[in-house]
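Engineer: sequence unknown, structure follows:
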């Protein structure tokens with residue numbers, strides 16, 4: 001029996017995302033993620049304006065006037081949501097935690113997918129693969145996906161994106177749309193000397209995805225249509241001037257005391273984060289992977305719509 005509180009939370013997300021899906025997201029999703037080919041549908045008589053390249057010459061010869069072949073898009077896609085449930089996802093300084101934002105984004109994508117007759121699967125990962133739900137269709141399945149993202153309790157708190165991508169490569173054998181949702185902060189194999197160095201200097205440690213081999217991303221991209229979605233909180237990009245604070249890394253457990261009232265220290269943190277962000281975006285560009293950043297303190301609908309539009313324009317340009 002699922003507790004009533006959990007059901008209410010899932011229902012709230014469904015209601016919040018339903019209007020967005022109905023009004024725009026489902027159509028934008030359809031345009032942004034196209035099928036893999038065209039299936040033959042029927043033959044009909046040629047009409048002025050039809051593409052002459054579509055003429056079926058065999059039927060035309062038999063009927064003694066022109067006919068053309070019609071095709072329909074081979075639509076059914078598989079969408080696999082690969083969601084980071086490591087410890088840092090529980091942080092949020094506004095209305096959302098990063099994990100809640102990930103769940104709401106997943107809800108929009110999943111409901112948009114099933115409206116387009118696509119299947120949706122889910123992979124949850126921390127420093128190892130925590131759970132995998134095979135792709136399926138239907139509202140109940142999507143509600144289960146949302147529930148798992150929100151309330152799944154991982155066995156580990158670290159992050160290993162490469163392990164998640166390797167798992168996808170093994171179990172998802174047909175080409176799919178793989179949506180990788182993470183804050184891209186932290187990693188399991190962070191060298192302890194790096195952490196210790198940051199602690200000695202009394203600054204906040206924040207590793208990024210930069211150490212994930214580019215070859216792994218490119219390999220995933222060759223087989224699947226991969227999209228990277230970064231969910232981030234504003235205080236991970238810049239520190240607020242709140243004076244002395246004790247901060248604990250949600251993934252490593254390391255504790256550091258820092259004076260956030262120190263302007264130069266805040267500026268140093270902001271600059272490191274900007275540098276890391278540039279490296280992250282460069283990494284995805286190098287792997288030809290689309291990237292979008294969503295923040296817990298900003299509405300996500302506009303950013304998502306821009307992302308869909310960009311993909312559609314690029315697809316139309318060929």
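Structural biologist: Noted; the coordinates are in hand. Owing to the predicted nature of the structure, the values given are computational and were not obtained by experimental measurement.

Engineer: need the helices for the chain, in chain order.
Structural biologist: Assigned by DSSP state H, the helices in the chain fall at 4-20, 26-32, 57-63, 98-115, 139-151, 161-171, 192-201, 214-223, 263-286, 301-317.

Engineer: next, the angle from the first one to helix 98-115.
Structural biologist: Angular relation of helix 4-20 and helix 98-115 on a 0 to 180 degree scale: 60 degrees, by axes from the mean of the first three to the mean of the last three CA atoms, to 10 degrees.

Engineer: the last one now?
Structural biologist: The directions of helix 301-317 and helix 98-115 differ by 50 degrees, with the same axes, to 10 degrees as the criterion.

Engineer: looking at the helices of the chain, spot the one closest to residue 79.
Structural biologist: Residue 79 lies closest, by CB to CB, to one member of the helices of the chain: helix 98-115, at 4.7 Å. For every residue, glycine as well, the C-beta is placed using N, CA and C.

Engineer: any buried residues in the closest one, and which?
Structural biologist: Across helix 98-115, burial judged by 16 or more other CB atoms under 10 Å covers 98-114.

Engineer: so for stretch 173-186, what's the average pLDDT?
Structural biologist: Throughout stretch 173-186, pLDDT has a mean value of 90.

Engineer: and residue 309, how many neighbours?
Structural biologist: 13 (other CB atoms under 10 Å).

Engineer: same question for residue 170.
Structural biologist: 9.

Engineer: quickly note the distance from it to residue 76.
Structural biologist: Separation of residue 170 from residue 76 (CB to CB, to the nearest Å) stands at 22 Å.

Engineer: right, so the helices of the chain: which one is the most enclosed?
Structural biologist: Among those, helix 98-115 has the highest mean neighbour count (mean count of other CB atoms under 10 Å), at a mean of 24.

Engineer: avg pLDDT for that one?
Structural biologist: For helix 98-115, the mean pLDDT works out to 94.

Engineer: next: stretch 21-33.
Structural biologist: Regarding stretch 21-33, the rounded mean pLDDT is 85.

Engineer: can you list contacts of that stretch?
Structural biologist: Contacts of stretch 21-33 with the rest of the structure, by CB atoms under 8 Å, 6 or more residues apart in numbering, involve 17, 77, 79, 108-109, 111-113, 115-116, 118, 177, 225, 301, 304-305, 307-309, 311-312, 315.

Engineer: can you do 7 Å?
Structural biologist: Under the criterion CB atoms under 7 Å, 6 or more residues apart in numbering, residues 77, 108, 111-113, 115-116, 177, 305, 308, 311-312 lie in contact with stretch 21-33.

Engineer: can you give me the end-to-end distance of stretch 84-93?
Structural biologist: This stretch, stretch 84-93, spans 19 Å end to end (CA to CA, to the nearest Å).

Engineer: chain center to it: distance?
Structural biologist: Stretch 84-93 sits 15 Å away from the centroid of its parent chain (CA atoms, centre = their mean, to the nearest Å).

Engineer: also stretch 8-26?
Structural biologist: Computed by CA atoms, centre = their mean, the chain-centroid distance of stretch 8-26 equals 17 Å.

Engineer: just stretch 160-173 next, same as before
Structural biologist: From the chain centre to the centre of stretch 160-173 is a distance of 15 Å (CA atoms, centre = their mean).

Engineer: related to what we said a few turns ago, going by distance to residue 158, which of the contacts of stretch 21-33 wins?
Structural biologist: Nearest member of these to residue 158, counting by CB to CB, is residue 177, at 26.5 Å.

Engineer: and that closest one, how many residues sit next to it?
Structural biologist: Residues near residue 177, counting by other CB under 10 Å, number 20.

Engineer: re earlier: residue 251 is nearest to which of the helices of the chain?
Structural biologist: Closest approach to residue 251 among the helices of the chain is made by helix 192-201 (10.6 Å; CB to CB).

Engineer: what average pLDDT does that closest one get?
Structural biologist: Mean pLDDT, helix 192-201: 52.

Engineer: same question, stretch 275-284
Structural biologist: Taken as a whole, stretch 275-284 carries a mean pLDDT of 89.

Engineer: same deal with stretch 137-144?
Structural biologist: Stretch 137-144 comes out at a mean pLDDT of 94.

Engineer: state the distance from the residue sitting furthest away from the middle of the chain to residue 246.
Structural biologist: Going by CA atoms, centre = their mean, the residue of the chain most distant from its centre is residue 64, 53.1 Å out. Residue 64 is 87 Å from residue 246, where distance means CB to CB.

Engineer: what's the burial count for residue 44?
Structural biologist: By the other CB under 10 Å criterion, the neighbourhood of residue 44 contains 13 residues.

Engineer: OK, contacts around it?
Structural biologist: Neighbour list for residue 44: 67-68, 70 [criterion: CB under 7 Å, 6+ apart].
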